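Colleague: Provided below for reference: sequence and predicted model.
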Amino acid sequence: MTVARPSAAGLADRLWQAVVQGDERSAAGLLHDALADGTDEETLLLEVIAPVQEKVGVEWAADRITVAQEHAATAINERVVASLAHRRPGRPTGAPGRGRVTVSCVDGEWHAFPARLVAEVLTLHGWRVDFLGAQTPTPHLVAHLHHTGPDAVLLSGSIPTHLPTAHAAITACQAVGVPVLAGGRAFGPDGRYARTLRADRWAADARGAVSALDAGLGRPDASATRQQLDDLPHLADQEYTMVAQSRAQLVKQTLVDLENRFPALRSYSDFQRERTAEDIAHIVDFLATALYVDDAELFTSFLTWTADILGARHVPAHSLVASLDLLSGQLRDFPRAGKLLHEGVAALGEHSDRPVPGPDSHV
Amino acid sequence: MVGCARRVPPFVSVSRGSSARPPDVDPRVGATWTEAPCPVLVVDRYGGLVRINGAARALLPDAECGDRLHERVPSWLWGAHQRMGEGPHDGSLGTATGRINGRFVEAHPTPVGEGEVVWWLIDETDRRLAETALSNARLRSEILSEVSSALLSTLNVPRCTEVAASMAAEHLAEAAVLVAPPQGRRHPLTYARRGGPVTQVTRQVDVSGVPGLAEALQGFPPVPARWIDPGAIPDWVIPDGFSGAVGSVIVTPLPGHGVPAGALILLRSSTEQVFTEGEEVFARLFAARAGAALSAARLYTEQATVTATLMQELLPPRLTGVHGVEYAGGYRAAKDHERVGGDFYDVHPGADPSQETLVVLGDVAGKGLDAAVLTGKIRNTLHALLPLAGNHQRVLDLLNGALLTSRHTRFATLVLASVRRRGGQVRLRLTSAGHLPPLITRADGTVEEVATQGTLVGALPTVKARTVETVLSPGETCLLYTDGITEARGGPLGDELFGEHRLRRAFGESAGIPAEAVVERVQMLVSGWLGTGRHDDMAAVAISAPATGALTLVGGHAEAGGHTGGPGSRRIT
């Protein structure tokens, strides 16, 4: 043990500086030096790189870094993780015969970095890991399970709107007799949506995943195949189906109504108009997802988060409330959707009373 | 009427009197009970058999009037009679059931006064048998249905074998051993014990040591269980933790697709009941399902292996840095369940840093596997033409000739890029043959379209194409892409094309970021734009001059997808 060994937080600060400047060489050098000085790889992955990657998202949300910087920083982090993995001896040194697992992102999910970290940490713990990466179509995932017959699937999701797709993946994996450990922000802060979608287990982070696998997941009963309605009987009211299917019409109509209500919008450039349409589309997507899992908080937390994003970019959030109002008008015949929209308006009202973090506040 | 009145004690003679019958019953019925099809016993309060009808004599041949009931009937009926005398009762309360001389009997008492009871015995044997048979049949069909669902759920051979063995141990026997056809000289063996773990090993065993096993593995009919001497079972068959001596054994083949899928050995210890013939039949039903599932899993595995091997040649390669220039590629097939399609790209590294690296990106008319096969031919042809890559026109002419003479009627568009790094700068020679012009994002964020154009290949006798040279400074990127990207339909309003202007805008924000981040960002935006909509094949390749401070990957080669390459292929300089 050397006195000079830097703390994880100190390393994270320096790594942040390097990645935000696009300085891959310094980023890699920093971590390889730390490794050489005796900091173990798991600490580097989970207490240095992971917090930096999280900060990338936070800083983007606060409009303190550009999209390009966000992508460059993520790419550098990914390369650095790859270079650490590459340095490792051929076979993991962990306990032998730990078993084999598959780490995959939900179909449509591009944020592969959290899953990548989990894959690396599991490898360090002696698991044989197949990392399928971002944007894995569910049929590919299932084919992979037939091919390899793993002990478990670790399914990662960051964006909640992928939850219906995640549900299909969870039931498909379980139907071939492979248990599913769900993780990532999409499944809710306490993993509540993992339970809603009947994943076998949920883990808050990579270490949680390691201990869940160590404890063993058990095989799901493959003969008891379930369908959507078995897990989510409220879907029988067809509200999710209707909202999801009429997304484009809902967005178009809301955009037209919004322009009628705020004539100033007519002077928007095409670019601004498209951003507004995208915002409305996101609202409809999250509304549909909240209908799917039958949970209002999924919708309200998205709205308050969006209000913060818009606030950071000095875009007034009143169009959010107006959009909710206009959607309520179009969805008058849908009681669950109406209730969600109503709760959305209420949440935005409460949220606007709270102070918004300023550009100088540190996260 | 059976005449035994002589033996009837005088104090019970009243039994023929009015108190035995409801008042409204015709007194003549009193004589007909003796002809009743069900056995009837009249018993007095002391347990003496007062009367007995013909049917009862058939059931209890030794019984005579005057006998003590407890000497003639089983204790359950005697007990029921005693309880009749104990207290108030009404109707069916005193009903009792049990066996008499191998028959299953329901006994209904009718008190007739003064402690005398008429026992009406109803033979339920056949109904019981039918009910038991029905319930067994139900249970078995439930088990078979569960077995089928579980077996069909997986196409993984080891997993399917594990499920088959563990279900056999759970439902058919105390332990089960599944012997798969030999791989070379060794047999994969799967051991399951009821309530225990399943273990799988592959080892060399003497199958002829188990009666009927060698035959079962060759597809001969099973040897009846009663012919198998449990004592002759060799030790390798007995799973760890199997307690006691083997009492009975079933060896049954697992029928496959024309060839045996293996054999199943079922074991019961000597303390358990031996396998019945019905259980043997059931074991065969189980084996039929297990064999079908295992064969399907094997067939799938073989097909998947063949497909994977052939697909390997068609999959887009994984790109990394070559000779100080960064390359990144992204591919998405038109159908999400497919991995290949009509778009393709390749990076052919120069022999050394002074040599040009050839990058190709193209699009064959059509999609799916047929188009993918043609991409494979074009990629191979271009690989063979590498020595001529100094002259793009020549390469295109030769490729055109090759495509015109092939049996494929499809044509293709493509871009060729020859890349070489000189100092910090990357020199590019770009030629488009009927393809979308490449885009370049400059360090200041402006996006240029490279003014190369030409005709497509594989359709006309000649190809006309113009080659353009340009230079990338550090942090600048050249993007080659296919029209699947710009023609992606979707967006918030659901029906707009992604279009070149959105691609240019996204690409313009990419100055100074690593090549793979450029490609990933384009892919993400297009994917978000599409939502769940349909789309064509999409491919993009980014060629970047590394920004200062970037890691340079040297000695790397464009690798086939699916693995990260051997040690040393990616090194930090």
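Modeller: All right, it came through fine. Numbering: from 1, shown residues only, chains lettered A, B, ... in the order given.
Colleague: so residue 272: helix, strand or coil?
Modeller: Going with chain A. helix (DSSP: H, G, I helix; E, B strand; the rest coil).
Colleague: measure it to residue A:265 for me?
Modeller: 8 Å (Cβ to Cβ, to the nearest Å). Just so you know, the C-beta spots here come from the backbone N, C-alpha and C atoms, and that holds for glycine as well.
Colleague: the helix or strand encompassing residue A:324 near chain B at all?
Modeller: According to DSSP states H and E, residue A:324 maps onto helix A:318-330. No: against chain B, helix A:318-330 shows no contacts by Cβ under 8 Å from any Cβ of the partner chain, the least distance being 11.9 Å.
Colleague: show me what the helix or strand following that helix is packed up against.
Modeller: Scanning forward in sequence from helix A:318-330 by DSSP H and E, the next helix or strand is helix A:335-352. Counting contacts by 3 or more Cβ pairs under 8 Å, 6 or more residues apart in numbering or on different chains; DSSP states H and E, helix A:335-352 packs against helix A:239-245, helix A:270-293, helix A:296-312, helix A:318-330.
Colleague: just name the most buried of the ones you listed.
Modeller: helix A:270-293 (a mean of 21; mean count of other Cβ atoms under 10 Å in any protein chain shown).
Colleague: quick one: is it near chain B?
Modeller: Yes: Helix A:270-293 is in contact with chain B by Cβ under 8 Å from any Cβ, via A:274, A:277, A:278, A:280, A:281.
Colleague: quick one: contacts for the fourth one?
Modeller: In this case it means residue A:280. Shown in contact with residue A:280 (Cβ atoms under 8 Å, 6 or more residues apart in numbering or on different chains): A:250, A:251, A:254, A:255, A:258, A:323, B:492.
Colleague: could you dump those residues to JSON lines with distance to residue B:348?
Modeller: Below are the contacts of residue A:280 laid out as JSON lines (distance: Cβ to Cβ, whole Å):
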{"residue": "A:250", "distance to residue B:348": "49"}
{"residue": "A:251", "distance to residue B:348": "45"}
{"residue": "A:254", "distance to residue B:348": "51"}
{"residue": "A:255", "distance to residue B:348": "48"}
{"residue": "A:258", "distance to residue B:348": "52"}
{"residue": "A:323", "distance to residue B:348": "51"}
{"residue": "B:492", "distance to residue B:348": "41"}
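Colleague: buried subset of those, written for ChimeraX?
Modeller: Selection of buried members from the contacts of residue A:280 for ChimeraX, criterion 16 or more other Cβ atoms under 10 Å in any protein chain shown:
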select /A:250,251,254,255,258,323 /B:492
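Colleague: on that earlier part again, so which of the helices and strands packed on helix A:335-352 comes closest to residue A:189?
Modeller: helix A:296-312 (8.8 Å; Cβ to Cβ).
Colleague: the contacts of residue A:280 in helices, which ones?
Modeller: A:250, A:251, A:254, A:255, A:258, A:323 (DSSP state H).
Colleague: from those, pick the one nearest residue B:81.
Modeller: After measuring the ones in helices among the contacts of residue A:280 against residue B:81 - Cβ to Cβ - the closest member comes out as residue A:250, at 80.3 Å.
Colleague: show residues contacting the helix holding residue A:324.
Modeller: Residues contacting helix A:318-330 (Cβ under 8 Å, 6+ apart): A:250, A:253-254, A:257-258, A:261-262, A:265, A:276, A:279-280, A:283-284, A:287, A:303, A:306-307, A:310, A:337-338, A:341-342, A:344-345, A:348-349.
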